[in-house]
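[1] Using only what follows, build the 3D model:
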Amino acid sequence: MPKTHHVHLSPDERADLEALVARRSEKAEPVKRALMLLAADEANGAPALSDAEVADRYHVSIRTVERLRRRLVEHGLDLALHGVPRGPDQPPRNFDRQNQAPHRARPGSEPPRDPNAGTRQKHPHPLGA
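    Below is the predicted model of the structure:
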């Protein structure tokens, strides 16, 4: 399938991405995205890799590379690197102490009233053993 979004980084954008990678103090995801964008850059005759080569090199799917290209072209470098900011009305992405699964017991909480609650039912062995 032909590429619909081509990565053409300006010299300043390329320098910013290379500095971000060299700093090594950023979170892993933006650094990985920066590396993928540098590999996919087609500006000024730079040796751009295909989506499949970028995906293989950075252990992501081809669709991830396509989405990263699209995000860069449509929304700019900052959004491509750091993603869409989540608002206060959106649910959190990960579980933490405040939003753990409701069925999980919290430390220091009372045990369930039914002593058999949450235990596995014993089923007869299919071979009668």
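
[2] Point me to the helix or strand that includes Arg33.
    Secondary structure from DSSP states H and E places Arg33 in helix 28-40.

[3] Packing partners of that helix?
    With contacts taken as 3 or more C-beta pairs under 8 Å, 6 or more residues apart in numbering; DSSP states H and E, helix 28-40 sits against helix 11-23, helix 51-58, helix 62-75, helix 77-82. Just so you know, the C-beta spots here come from the backbone N, C-alpha and C atoms, and that holds for glycine as well.

[4] per-residue confidence averaged over it?
    The pLDDT scores in helix 28-40 average 90.

[5] which residues does Arg71 contact?
    Going by C-beta atoms under 8 Å, 6 or more residues apart in numbering, Arg71 touches 79-80.

[6] ok, now with 10 Å
    Counting by C-beta atoms under 10 Å, 6 or more residues apart in numbering, Arg71 touches 5, 33, 37, 77, 79-81, 83-84.

[7] PyMOL command for the buried members of those residues?
    The PyMOL command for the buried members of the contacts of Arg71 (criterion: 16 or more other C-beta atoms under 10 Å) is given here:
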select buried, resi 33+37+77+80+81
